[in-house]
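Undergrad: quick one: sequence plus predicted model below, questions after.
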Amino acid sequence: MGAFVGNVCYSTSAQALDAYYSSKAPAYTAGEVSYLAYPYKDGATWKIQRVSVAADGTETMLAAITAPDPGFPSCDPAESFLDGMAIGWMIAAAMIMAYAIRHLWESR
């Protein structure tokens with residue numbers, strides 16, 4: 001089974017996790033000392049880096065923690081293909097029927 005993120009069903013939960021964290025914007029908290037948190041991939045593991053930024057622009061790394069797995073809903077990656085195939089066959093059947101009706105009408 002796959003994993004569902006946004007409007008896309010990914011084949012594996014690792015692909016879904018990649019899509020989820022790669023679309024996340026950094027979190028920024030402004031102040032006298034500002035804080036920045038952003039996800040990044042270290043090998044096969046997603047981590048969240050937290051950094052403090054002083055008024056003079058000096059950055060200090062606070063922590064790099066393993067990003068949590070949000071637990072995505074399961075889905076079947078073949079389902080959308082099968083839905084598309086069913087719609088395609090319905091369109092083909094409608095076209096064949098229209099051709100047959102037109103052909104019968106003209107042969108009268």
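TA: Looks like it came in fine.
Undergrad: residues in contact with His8?
TA: No His there; residue 8 is Val. Ala19 (C-beta atoms under 8 Å, 6 or more residues apart in numbering). All C-beta atoms are positioned from the backbone trio N, CA, C, and that covers glycine.
Undergrad: same check, this time on the one 5 residues further on
TA: Neighbouring residues of Ser13 by C-beta under 8 Å, 6+ apart: Gly2, Ala3, Asp69, Phe72.
Undergrad: just the CA atoms of the helix or strand Ala16 falls within, as CSV, please.
TA: The secondary structure element spanning Ala16 is helix 13-22 (assigned by DSSP states H and E). As requested, the backbone C-alpha atoms of helix 13-22 are provided in CSV (Å, rounded to 0.1, in the frame of the first residue of the first chain):
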residue,chain,number,x,y,z
SER,A,13,5.8,6.0,2.8
ALA,A,14,9.4,7.1,2.2
GLN,A,15,8.4,8.9,-1.0
ALA,A,16,5.4,10.4,0.8
LEU,A,17,7.7,11.6,3.6
ASP,A,18,10.1,13.2,1.1
ALA,A,19,7.2,15.0,-0.6
TYR,A,20,5.9,16.2,2.8
TYR,A,21,9.1,17.6,4.2
SER,A,22,10.5,18.9,0.9
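Undergrad: now that helix: buried residues?
TA: Ser13, Gln15, Ala16, Leu17, Asp18, Tyr20, Tyr21 (16 or more other C-beta atoms under 10 Å).
Undergrad: residues contacting the helix or strand just after it from elsewhere in the structure, which ones?
TA: Taking DSSP H and E as the definition, the helix or strand that follows helix 13-22 towards the C-terminus is strand 27-29. Contacts with strand 27-29, where a contact means C-beta under 8 Å, 6+ apart, come from Ser34, Tyr35, Leu36, Ala37, Tyr38.
Undergrad: hmm, 7 Å instead?
TA: Counting by C-beta atoms under 7 Å, 6 or more residues apart in numbering, the neighbours of strand 27-29 from elsewhere in the structure are Ser34, Tyr35, Leu36, Ala37.
Undergrad: could you do stretch 100-108 as well?
TA: Outside of stretch 100-108, no residue comes within contact range by C-beta under 7 Å, 6+ apart.
Undergrad: report the distance from that stretch to the chain centre.
TA: Its chain's average C-alpha position is 49 Å from that of stretch 100-108, according to C-alpha atoms, centre = their mean, to the nearest Å.
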